[in-house]
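Undergrad: Turn this into a structure:
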Amino acid sequence: MINMQVIESICILTIDKAPMNTLDKLTITQLEDAISKITKDSSIRTVILTGAGEKAFVAGAEISEFLECDALSGEELVKKGQQVFKTLESLPIPVIAAINGYALGAGLELALACDIRIMEEQAQVGLPETGLGLIPGYGGTQRLARLVGIGHAKELIFSGRYIKADEALKLGVVEKVVVTGTSMESALTMAGVFKRKAPLAIGAAKKAIQEGIDKPLNEAIEIEISYCGKLFGSEDLQEGAKAFFDRREANFIGS
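TA: Modelled structure (predicted):
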């Protein structure tokens, strides 16, 4: 199941299927429902995604469900996961993965769909699907390659090996490594910084990065110009500028 808690405009989504928090069809649907609620709640400024317990963030998909699939139903299963992960990735607010244990297969793919990944030092991540006769199907082949480069992505996917926090940080799979048991604390601190910034600006920056990353630089710059230009007409810009000159913290309302 998915537990959803909102604390001072920070939404914490916890995948609670201890001990391994695997993603079965029901959990994927519940995650989709939670994301839908987030999109309708303008008071939420940041999302933190984590797993229940101390053993796993998400240790993968529910492998028993694979045995029920043929080529057609397997493709539909993959499309569903891809759709939900894409919706998560497309949220106009920051999404932080607090990786508190194993993040394997679909679990790592879920973390890769987040904006920022914080990993505890004892955790391990990997895409072991080739050992099951599959490939990563929830975006792993594409998002991992964009983060770490084609060669590193191929080596990790072909071997299916698990990597520890220090290597994950070095390769760029995660952005931060923290002491065991502190990923949520670290994520909340980061979310607290993000939520004080202008939400329209955060959303525009996220879109500009995501839409421009695969474009030639000249095209990407035009995307940036477009998003930046629109912000000049916002109330948040007026508030931010006034707060700067008044030497106070801005009170952004997202309009």
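Undergrad: If we go by neighbour counts, what in stretch 155-174 is buried?
TA: 156-157, 160, 162-163, 165, 168-169, 171, 173-174 (16 or more other C-beta atoms under 10 Å). To be clear about C-beta, it is placed using only N, CA and C from the backbone, and glycine gets the same treatment.
Undergrad: Output the residue ranges of the strands in the stretch 1-150 of the chain, listed in chain order.
TA: 2-7, 10-15, 46-51, 56-58, 95-99, 102-104, 116-120, 124-126 (DSSP state E, counting those that start in this stretch).
Undergrad: want to throw those strands into JSON lines with mean neighbour count and distance to Gly192?
TA: Shown next, in JSON lines, are these (neighbours: other C-beta atoms under 10 Å; distance: least, C-beta to C-beta, whole Å):
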{"stretch": "strand 2-7", "mean neighbour count": "14", "distance to Gly192": "10"}
{"stretch": "strand 10-15", "mean neighbour count": "22", "distance to Gly192": "7"}
{"stretch": "strand 46-51", "mean neighbour count": "26", "distance to Gly192": "8"}
{"stretch": "strand 56-58", "mean neighbour count": "28", "distance to Gly192": "21"}
{"stretch": "strand 95-99", "mean neighbour count": "29", "distance to Gly192": "11"}
{"stretch": "strand 102-104", "mean neighbour count": "27", "distance to Gly192": "23"}
{"stretch": "strand 116-120", "mean neighbour count": "25", "distance to Gly192": "14"}
{"stretch": "strand 124-126", "mean neighbour count": "24", "distance to Gly192": "25"}
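Undergrad: Quick one: these as a markdown table, columns for mean pLDDT and distance to Gly139 too.
TA: A markdown table is the format used below for these (pLDDT from 0 to 100; distance: least, C-beta to C-beta, whole Å):
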| stretch | mean pLDDT | distance to Gly139 |
| --- | --- | --- |
| strand 2-7 | 96 | 19 |
| strand 10-15 | 98 | 17 |
| strand 46-51 | 98 | 15 |
| strand 56-58 | 97 | 14 |
| strand 95-99 | 98 | 14 |
| strand 102-104 | 98 | 14 |
| strand 116-120 | 98 | 14 |
| strand 124-126 | 98 | 14 |
